Structures are given as structure tokens and as C-alpha cells.
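Chemist: turn this into a structure:
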Amino acid sequence: MFGYSLLITGLACLLIVWQAGFSEASFGFVLRGSARLALLVFLLVFVARPLRQLRPGPATARLLRNRRYIGVAFAAIMTVHLVFLL
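Modeler: Numbering: from 1, shown residues only. This is a model prediction of the structure:
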């Protein structure tokens, strides 16, 4: 999961920077985008248990079961964010 998340996020960010040119604005855009994506993934991990308690069902059960792997995807996104920050 970490490798796939790292690959997909990294390639998407590189594609954006390559298309927009290697400028400060394009790196800023990638940093903001990766931070927002990481926030969304973090919130999924953070609310998995309360969401399962509020809305029991197959979707929330699957989210709770895969919470660890979603957290690993968060780590991969933040790794890409750190690389572009440096």
C-alpha cells in the first residue's frame, strides 16, 4: 500500500510540476495539493471508528478494517510532500 500510494502521488505531483514548469508557483501548487490530500486521508483514518458507531454498514466496516492501510497511504503522501518541500 505504501509503495502504490507513493508511486501514484509522486507521479501525479511530478506530472503537474513538469507540465506547469519548474517554478515556485508550480511547487507551491503541488505542496498545497498534497497537503490537502493528506488531510483528507488523515480524516478518514481519524473518523473511521466513530463513523462505524454512528452508521453501521458494509462501507464503514470496510473503512475500519482497512484503517491501518489508509494510514500507511497517509504516510506515503506526506513523504511526497516532504520531498517537494525540500
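Chemist: burial count for residue 76?
Modeler: The number of residues packed near residue 76 is 22, by other CB atoms under 10 Å. Glycine gets a C-beta too; all of them are placed from N, C-alpha and C.
Chemist: same thing with residue 72?
Modeler: 19.
Chemist: for residue 78, see how far away it is.
Modeler: 11 Å (CB to CB, to the nearest Å).
Chemist: quick one: the helices in this structure, in order.
Modeler: For the chain, applying DSSP state H gives helices covering 2-20, 24-46, 48-54, 58-65, 67-85.
Chemist: just the ones you listed: most buried one?
Modeler: helix 67-85 (a mean of 18; mean count of other CB atoms under 10 Å).
Chemist: same for that one, what does it pack against?
Modeler: Secondary-structure packing of helix 67-85 (3 or more CB pairs under 8 Å, 6 or more residues apart in numbering; DSSP states H and E): helix 2-20, helix 24-46, helix 48-54.
Chemist: ok, residue 5 to residue 56 distance?
Modeler: 28 Å.
Chemist: residue 31 against residue 84, yeah?
Modeler: Yes: using CB atoms under 8 Å as the test, residue 31 is close enough to residue 84 to be in contact (5.7 Å).
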